[in-house]
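J.: What follows is a predicted structure for the sequence shown.
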Amino acid sequence: MKVVAIGGGTGLSSLLRGIKHLVPHTITDLSAIVTVADNGGSSGRLREEMQIPAPGDIRNCIVALAEDEDILAKVFQYRFTEGNGLKGHSFGNLFLSVLTKITGDFLDAVEITSDILKIKGKIIPSTDEMVDIVAEFTDGAVIKGETQITEYGKQLKGKIKNIWMEPSNVKAPEEAVQKIMEADVIILGPGSLFTSIIPNLLVSDIKDAVLKSKAYKIYICNVMTQYGETDQFTASDHIKAIHSAVGKPFIDAAVVNTTVPPDELLRKYMKENAEPVTVDAGNISRMGITVFAEDLLETGDYVRHNPYKLTALIDKILKRIKKRNAA
């Protein structure tokens, strides 16, 4: 089956780290379409100083798809803790930035880096142009920039009412559109709703291809709400926000976690104004969306999806789709 995953941040890289093990037996062609709207941290600094698309999420996804996450993958994830001008940067971000300048093409830089790490799939930015996301909040404030949107949201003056991209006419790489149109399955998420998933769908070419594609479309809902973005959002609220961003419903299935984190972790997250996403399965089902609900929780210091539990469920869904298509 041909599978396209769309998103960004740690959520998408975590998914890819698991489902790459389904290649090539269950998944014959795996592609990831990744946002480049990040303007914080190392990515944000390189973006501004070198005038290139943000490399951070791309780097994380390349490393996640590396055939063997060996020493070379660790080198790409290495973050400098000292050095004037180097502190805070990751080696992989610098590598992608230098390659972009040498080749004159961000897409070529991504391709070469992917070849070096021998990845089990294809990484494609949703656009190779400089972009920013802009959000309008319910209090009337209009905030530009991924980091600024999240920080303003934490002030709890209003919730995100509308979101768009500037410039609005950016193009997606032709290969990204082609992969979406040829896909059997498209997976959205997990990841930050307004700053990792939706930004990809704000690129008109990506949005149009997703809506036109005959692929089975799956949304993987976050385990926890995100302070400043999705406070008090239920699972169906996440889906409604995605549908609102593209202007029409299109999701066929939703993957949701059923397990509540241990009390100690729960209290830790509650102090950070995050809480488990309420799985309102009835509301999702009433939207005509199939619900896949299982224990997907990672046990450790953080509350997140376990890549291997998630992969096992995705594997079951893919086999179910394949069986249905063959009938």
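T.: Received, thanks. Since the model is a prediction, treat every value here as computed from it, not as a measurement.

J.: can you pull the contacts of L313?
T.: V255, F292, E294, L296 (Cβ atoms under 8 Å, 6 or more residues apart in numbering). (C-beta placed from N, C-alpha, C; glycine too.)

J.: Sort out which of those are in strands and list them.
T.: V255, F292, E294 (DSSP state E).

J.: so who does the residue nearest to E129 when sequence neighbours are not counted touch?
T.: Closest residue to E129 apart from its sequence neighbours, by Cβ to Cβ, 6 or more residues apart in numbering: V170 at 4.5 Å. V170 sits next to T127, E129, V131, V203 when contact means Cβ under 8 Å, 6+ apart.

J.: List phi and psi for V170.
T.: phi -70, psi 150 (degrees, to the nearest 10).

J.: now A66
T.: phi -60, psi 140.

J.: do T103 as well
T.: Per degrees, to the nearest 10, the backbone of T103 is at phi -80, psi -20.

J.: Neighbours of it, how many?
T.: Using other Cβ atoms under 10 Å, T103 has 13 other residues around it.

J.: Now do the contacts for it.
T.: Counted by Cβ under 8 Å, 6+ apart, T103 has contacts A109, I112.

J.: quick one: it from M1, how far?
T.: As for T103, its distance to M1 is 32 Å (criterion: Cβ to Cβ, to the nearest Å).

J.: follow-up on the earlier one: farthest pair in the contacts of L313?
T.: Greatest spatial distance among the contacts of L313 (Cβ to Cβ): F292 and L296, at 9.6 Å.

J.: who wins for most neighbours among the ones in strands among the contacts of L313?
T.: V255 (24 neighbours).

J.: That one: what's it in contact with?
T.: I218, Y219, I220, C221, F292, A293, E294, L296, L310, L313, I314, I317.

J.: List of residues touching the helix or strand bottoming out on mean pLDDT in the chain?
T.: Every helix and strand in the chain was compared by mean pLDDT, DSSP states H and E; the lowest is helix 71-77, with a mean of 88. Contacts to helix 71-77, defined as Cβ under 8 Å, 6+ apart, come from residues R59, N60, I62, V63, A66, S90, F91, G92, F95, T113, I116, L117.

J.: mind checking how far that helix is from the chain centre?
T.: Here the centre of helix 71-77 is set off from its chain's centre by 21 Å, with Cα atoms, centre = their mean, to the nearest Å.

J.: again, but for stretch 95-108
T.: Counting by Cα atoms, centre = their mean, stretch 95-108 comes out at 22 Å from the chain centroid.

J.: and that stretch, what's its mean pLDDT?
T.: Average pLDDT, stretch 95-108: 97.

J.: domain ranges for this structure?
T.: 2-35+164-326, 38-125 (automatic domain parsing).

J.: got any ranges where the protein has weak pLDDT?
T.: Counting by pLDDT under 70, the chain shows low-confidence ranges at 69.

J.: now with 90?
T.: 9, 40, 67-74, 83-85, 299-302, 324-327 (pLDDT under 90).

J.: Sketch out the strands for it, chain order is fine.
T.: Shown for the chain, the strands assigned by DSSP E span residues 2-7, 29-34, 122-125, 132-137, 142-144, 160-166, 185-188, 216-220, 253-257, 290-294.

J.: Take those and lay them out in TSV including distance to F194.
T.: Formatted as TSV, those follow (distance: least, Cβ to Cβ, whole Å):
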stretch	distance to F194
strand 2-7	12
strand 29-34	16
strand 122-125	19
strand 132-137	7
strand 142-144	11
strand 160-166	6
strand 185-188	13
strand 216-220	14
strand 253-257	18
strand 290-294	23
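
J.: Looking at those, spot the one closest to A274.
T.: Of those, nearest to A274 by Cβ to Cβ is strand 253-257, at 13.9 Å.

J.: so how far is that closest one from its chain's centroid?
T.: Centroid separation between strand 253-257 and its chain, computed with Cα atoms, centre = their mean, is 15 Å.

J.: Could you list the paired strands of that strand along with their orientation?
T.: strand 216-220 (parallel), strand 290-294 (parallel) (DSSP bridges).

J.: Give me the contact list for the first one.
T.: Think strand 216-220. Contacts for strand 216-220 (Cβ under 8 Å, 6+ apart): 11, 15, 184-190, 210, 238-239, 242, 250-255, 305, 310, 314, 317, 321.

J.: re earlier: who wins for neighbours among the contacts of V255?
T.: That'd be I220 among these, by other Cβ under 10 Å, with 29 neighbours.

J.: before we move on, back to that, may I see the strands paired with strand 253-257 organised as JSON lines, with distance to V142 added?
T.: Converted to JSON lines, those look like this (distance: least, Cβ to Cβ, whole Å):
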{"stretch": "strand 216-220", "distance to V142": "27"}
{"stretch": "strand 290-294", "distance to V142": "35"}
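
J.: Of the ones you listed, which is nearest K154?
T.: strand 216-220 (24.3 Å).
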